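Trainee: Sequence and computational prediction follow.
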Amino acid sequence: MHIVVCIKQVPDSAQIRVHPVTNTIMRQGVPAIVNPYDLFSLEEALRLKDRFGGTVTILSMGPPQAEDALHKCISYGADDAVLVTDRAFAGADTLATSYALASAIRQIANAQAVDIIFTGKQTIDGHTAQVGPGIARRLGVQLLTYVSRIVETDLDARTIVVERRAEGGVQVFKTALPCLVTMLENTNELRFATLPAMIHAAGFPVRKWNRERAGIEDVSKIGLKGSPTVVSKVFAPTPRDEKAEMLELDASSLRDVSLKLVHKLFARHPTSEADLLMERAL
């Protein structure tokens with residue numbers, strides 16, 4: 001089994017600030033981390049490797065310093081790592097990114113056929129959830145999004161069964177391999193990297209591919225040229241002046257407390273009660 005896990009090095013969103021004058025993101029001094037959503041996909045790929053054997057290849061597109069994120073993934077148990085890095089990729093949106101990653105996956109598959117491609121649900125710096133589906137569409141493979149659990153994998157029959165979280169419940173899908181899976185958060189717990197694994201990862205030779213090595217045939221589809229998305233403005237949310245209101249409720253039961261809270265909310269938002277009743281009637 002050969003699994004490719006697409007990851008991205010992102011700035012730690014908990015420490016990002018927006019400049020109050022220029023309304024631009026201030027990245028100076030902000031540490032870079034592996035996109036947290038991608039780590040759930042990495043762990044799921046490693047579990048399949050533990051069960052069936054095979055190879056887990058990590059793939060990322062980014063600047064040279066993104067190599068640190070790939071070394072970290074190697075320390076968890078991945079077997080190979082490819083960094084697609086070239087100044088021609090600068091300014092890529094999700095459309096251009098999916099094109100570049102799909103081209104790189106084709107190059108990886110030339111050496112060894114790929115059975116499953118994993119991505120995270122989304123990235124914490126974009127929250128678009130578009131790159132995974134874009135890769136699947138460009139490669140012409142089956143797409144399984146928002147997967148919460150892999151139920152069964154049959155390599156002989158070349159099928160996979162997954163549970164997918166959806167509004168109102170859980171859907172169960174069965175599809176053929178190869179496929180692309182985007183994993184939900186909190187679906188597993190990432191294993192710890194051992195000291196020998198970290199030492200091995202520190203000196204691991206990450207393969208670095210420029211646009212030619214990644215198989216990019218049309219340079220008009222990468223970087224700024226291939227990115228129709230335009231960010232017109234970046235801004236921080238306006239701080240709220242309203243403070244939380246403390247309510248003192250004397251009630252003998254939880255039901256009485258709940259009713260008084262509901263009445264208080266309806267008094268503050270008069271249209272809410274009518275909206276709820278209308279929605280229930282529909």
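Mentor: Nice, I can see it.
Trainee: what about the helices in the stretch 101-250 of the chain?
Mentor: Here the stretch 101-250 of the chain has its helices, by DSSP state H, counting those that start in this stretch, at 131-139, 195-202.
Trainee: Quick one: residues in contact with the shortest one.
Mentor: This means helix 195-202. 71-72, 74-77, 193 (Cβ atoms under 8 Å, 6 or more residues apart in numbering). Just so you know, the C-beta spots here come from the backbone N, C-alpha and C atoms, and that holds for glycine as well.
Trainee: Strands - which of those residues land there?
Mentor: Judged by DSSP state E, these include no members of strands.
Trainee: Which members of the residues you listed define the maximum pairwise distance?
Mentor: Taking Cβ to Cβ, the two most distant members of the contacts of helix 195-202 are H71 and G77; they sit 12.7 Å apart.
Trainee: on that earlier part again, closest to I33 out of the contacts of helix 195-202?
Mentor: K72 (8.8 Å).
Trainee: In contact with that closest one, which residues?
Mentor: 34, 193, 201.
Trainee: Tell me the one of those residues nearest R106?
Mentor: Among the contacts of K72, and counting by Cβ to Cβ, the member closest to R106 is V34, at 24.0 Å.
Trainee: Contact partners for the closest one?
Mentor: V34 neighbours (Cβ under 8 Å, 6+ apart): 7-10, 69, 72-73.
Trainee: likewise G53?
Mentor: So G53 contacts M1 (Cβ under 8 Å, 6+ apart).
Trainee: Then the one 10 residues further on?
Mentor: With contacts defined as Cβ under 8 Å, 6+ apart, P63 is in contact with T85.
Trainee: coming back round to it: and which of the contacts of K72 is nearest to I58?
Mentor: V34 (9.7 Å).
Trainee: Now that closest one. Its backbone dihedrals?
Mentor: When read as degrees, to the nearest 10, the backbone of V34 gives phi -70, psi 130.
Trainee: Quickly run through the sheet partners of the top strand by length along the chain, with directions.
Mentor: Counting residues, the longest strand in the chain under DSSP E turns out to be strand 142-154. For strand 142-154, the paired strands and their directions (DSSP bridges) are strand 159-166 (antiparallel), strand 179-183 (parallel).
Trainee: rewinding a little: among the helices of the stretch 101-250 of the chain, show me which one is buried the most.
Mentor: Most buried of the helices of the stretch 101-250 of the chain, by mean neighbour count (mean count of other Cβ atoms under 10 Å): helix 131-139, with a mean of 21.
Trainee: what sits up against that one?
Mentor: 6, 94-95, 97-99, 101-102, 105-106, 117, 119-121, 123, 142-143, 145, 178-180, 182.
Trainee: mind redoing it with 7 Å?
Mentor: Residues outside helix 131-139 that contact it (Cβ atoms under 7 Å, 6 or more residues apart in numbering): 94-95, 97-99, 101-102, 105, 117, 119, 143, 145, 180, 182.
Trainee: Now do the helix or strand where M278 lies, average pLDDT.
Mentor: According to DSSP states H and E, M278 maps onto helix 270-281. Averaging pLDDT along helix 270-281 yields 79.
Trainee: do stretch 245-256 as well
Mentor: Here the average pLDDT along stretch 245-256 is 70.
Trainee: Then stretch 125-145?
Mentor: Mean predicted lDDT for stretch 125-145 stands at 94.
Trainee: mind showing which ranges of the stretch 1-150 of the chain have poor pLDDT?
Mentor: For the stretch 1-150 of the chain, applying pLDDT under 70 flags the ranges 19-27.
Trainee: For burial, what's the neighbour tally of R255?
Mentor: Using other Cβ atoms under 10 Å, R255 is surrounded by 9 other residues.
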